[in-house]
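any chance you could fold what I've pasted below:
(4 chains)
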Number of protein chains: 2
Amino acid sequence: MERDDAGLVSILVRLSFTIQASMTAIAAEHDLSATQARLLGILRDREPTMAGLARFLGLDKSSITGLVDRAERRDLVRRIAAQRDGRSVQVAITPHGRQLIDACARAIEEQVGALLDGFTDAERRRLAALAGRVVLKDAEIKGVDLLTGAWPG
Amino acid sequence: MERDDAGLVSILVRLSFTIQASMTAIAAEHDLSATQARLLGILRDREPTMAGLARFLGLDKSSITGLVDRAERRDLVRRIAAQRDGRSVQVAITPHGRQLIDACARAIEEQVGALLDGFTDAERRRLAALAGRVVLKDAEIKGVDLLTGAWPG
DNA sequence: TATTGTTATACTCTATAACTATA
DNA sequence: TATAGTTATAGAGTATAACAATA
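Model prediction:
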């Protein structure tokens, strides 16, 4: 059983490298770093504050300042003064940013999809169910909000 | 089918973030960056040259110089003059480096293993088989040497 | 006082280009 | 000439600590 787990964990680690490498390469083809792509991915359906972004990404707020600075300089995102709280800033994706991240998403769908070439529909469903349970368990352990992906705190 | 794939790809992407986050956190607990941990992982059972390391990691050779510099400064690895080729340098893990990466490996085994808590043996075998096929397919597409993990070229 | 965000600073990671030494 | 490795340089990404403005 230990032996089996050792194999399974190794395989999951390799799989994670595989997929992350795909995503990084696709982002680079679209002139994005992995981090900038992740930022845009988060902003696809949200306009969080800087502090919110820090929670989503699990980074210090001071790191977010530079991240958003660089993205704003490239017209990928923009800062909006928050109405409620005079201290807060909201971050929104620009049309240019959305176009880039949508193209990346399509490419990832295609490239990771190609790794599933020989899989039957039943096998796909099985893999989705099993991998889904791992993700669920992780969210449960960390207390991450599954809807938003944000970290607690 | 497209719908199913979209879900499956999303799940695999989330899974990859989950596992990478685990590994990064564990490395940090052991005072290692993700990259340094990966370097030590490669050196656990190999003594590649600098150029070899660049192939393993998919990085430029100039990046390897700094990476190995910093690891050597911390007594994690050491450079050895190659006997065959006067230009080459081989990189070996030190006892200290090995102790650190072994501790990381145990922690990853444990932490990722915890995500598989509710899984029956049959489910583990099924997940290993399915995920293994994805990794295999990736290696086949990229032409990566499965034994060593090195990139072609 | 507590929170939001920025600045200053420092370090790691990465690439490109130019260089040295060996083959 | 070609390959192995380093250096110089530049930029992204990240954290810690100190700060300003707002709550």
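
tell me where chain A has strands.
A:77-81, A:89-93 (DSSP state E).

who wins for proximity to DNA strand D among these?
Among the strands of chain A, strand A:77-81 comes nearest to DNA strand D, with 10.0 Å by Cβ to the nearest atom of the strand. Just so you know, the C-beta spots here come from the backbone N, C-alpha and C atoms, and that holds for glycine as well.

buried ones in that closest one, by neighbour count?
Within strand A:77-81, the residues scored as buried using 16 or more other Cβ atoms under 10 Å in any protein chain shown are A:Val77.

neighbours around the closest residue to DNA strand D within chain A, how many?
Taking Cβ to the nearest atom of the strand, DNA strand D has its nearest neighbour within chain A at A:Gly86, 2.5 Å off. By other Cβ atoms under 10 Å in any protein chain shown, the residues close to A:Gly86 number 7.

per-residue pLDDT, it?
pLDDT recorded at A:Gly86 is 96.

may I have the phi/psi pair for it?
Per-residue torsions, A:Gly86: phi -60, psi -20 (degrees, to the nearest 10).

ranges for the helices of chain A?
Using DSSP state H, the helices of chain A run over A:2-29, A:34-43, A:50-57, A:61-73, A:95-114, A:121-142.

out of the ones you listed, which is closest to B:Thr24?
helix A:2-29 (10.9 Å; Cβ to Cβ).

list the buried ones in the closest one?
A:5, A:8-24, A:26-27.

and stretch A:49-67, by the same measure?
Of all the residues in stretch A:49-67, those buried under the rule 16+ other Cβ under 10 Å are A:Thr49, A:Met50, A:Gly52, A:Leu53, A:Ala54, A:Arg55, A:Phe56, A:Leu57, A:Gly58, A:Ile64, A:Leu67.

can you tell me what sits against stretch A:56-73?
Outside stretch A:56-73, the residues within contact range by Cβ atoms under 8 Å, 6 or more residues apart in numbering or on different chains are A:35-36, A:38-40, A:42, A:48, A:50-51, A:53-54, A:77-79, A:91, A:97, A:148-151, B:21.

right, and out of the buried residues of stretch A:49-67, which lies closest to B:Leu115?
Closest approach to B:Leu115 among the buried residues of stretch A:49-67 (Cβ to Cβ): A:Gly58, at 17.5 Å.

which parts of chain A sit against DNA strand C?
A:49-52, A:61-62, A:64-66, A:68-69, A:79, A:82, A:85, A:87-90 (Cβ under 7 Å from any atom of the strand).

what sits against the residue nearest the centre of chain A?
For chain A, the residue whose C-alpha lies nearest the mean C-alpha position (Cα atoms, centre = their mean) is A:Arg38; its distance is 4.6 Å. Neighbouring residues of A:Arg38 by Cβ under 8 Å, 6+ apart: A:Leu57.

do that again at 10 Å, thanks
Going by Cβ atoms under 10 Å, 6 or more residues apart in numbering or on different chains, A:Arg38 touches A:Met23, A:Ala27, A:Leu32, A:Phe56, A:Leu57, A:Leu67, A:Ile101, B:Phe17.

pLDDT score for it?
Looking at A:Arg38, its pLDDT reads 98.

could you check how many residues crowd around A:Leu32?
Per other Cβ under 10 Å, the neighbour tally for A:Leu32 reads 23.

got the contact list for it?
A:24, A:26, A:38-40, A:71, A:74, A:76, A:97, A:100-101, A:103-104.

go on, A:Val77?
For A:Val77, the contact set (Cβ under 10 Å, 6+ apart) comprises A:36, A:39-40, A:43, A:47, A:53, A:67-71, A:91-94, A:96-98.

about what we covered before: which of the buried residues of stretch A:49-67 are close to DNA strand D?
Restricting the buried residues of stretch A:49-67 to those touching DNA strand D (Cβ under 7 Å from any atom of the strand) yields A:Leu57, A:Gly58, A:Leu67.

of all those, which comes closest to A:Ala129?
For these, the nearest to A:Ala129 is A:Gly58 (27.0 Å; Cβ to Cβ).

any bit of the helix or strand of chain A with the lowest mean pLDDT sitting next to DNA strand D?
Lowest by mean pLDDT, DSSP states H and E among the helices and strands of chain A is helix A:2-29, with a mean of 88. No - using Cβ under 7 Å from any atom of the strand, helix A:2-29 stays clear of DNA strand D, with a minimum separation of 9.0 Å.

tell me, how many residues neighbour A:Gly143?
By other Cβ under 10 Å, 9 other residues sit near A:Gly143.

I meant A:Leu39, not that one.
25.

give me the buried subset of the contacts of A:Val77.
Counted by 16+ other Cβ under 10 Å, those give A:36, A:39-40, A:43, A:53, A:67-68, A:71, A:91, A:93-94, A:97-98 as buried.
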